[in-house]
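*Asks:* The sequence and its predicted three-dimensional model are supplied below.
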Amino acid sequence: MINQSVPLFEASPRFVRIDGRTPEGFVQFAFSVADPELNVELIMPELMFEAFCSVNHVRFLPPEIPAPEQD
């Protein structure tokens, strides 16, 4: 049963996977709602990123391991 007092989107878990940081102080990351496999790539200054994560109550995902190159 769905709790009608909280919209489904608001109740969905949110995920962040940090992809890197630039020398200028920006954080590159993937953000997703409900399904970690469906995400958008974003870049923000460090302080804005920290506020974004706090407001969205994100769960941090481990870094992606690149697939080995094939010959």
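*Replies:* On my side now, so go ahead. Note that the structure is a prediction, hence the values are computed from the model and not measured. Numbering: from 1, shown residues only.

*Asks:* so where do the strands sit in this protein?
*Replies:* Along the chain, counting by DSSP state E, strands occupy 14-21, 26-33, 40-45, 59-60.

*Asks:* Which elements pack onto the last one?
*Replies:* Taking 3 or more C-beta pairs under 8 Å, 6 or more residues apart in numbering; DSSP states H and E as the contact definition, the neighbouring helices and strands of strand 59-60 are strand 14-21. Any C-beta I mention is one placed from the backbone N, CA and C, and that applies to glycine too.

*Asks:* Tell me which residues of the strand it packs on come out buried.
*Replies:* Using 16 or more other C-beta atoms under 10 Å as the test for burial, strand 14-21 gives 14, 15, 16, 17, 18.

*Asks:* Let me know the closest of these to residue 25.
*Replies:* residue 18 (13.7 Å; C-beta to C-beta).

*Asks:* so how far is residue 40 from the closest one?
*Replies:* 14 Å (C-beta to C-beta, to the nearest Å).
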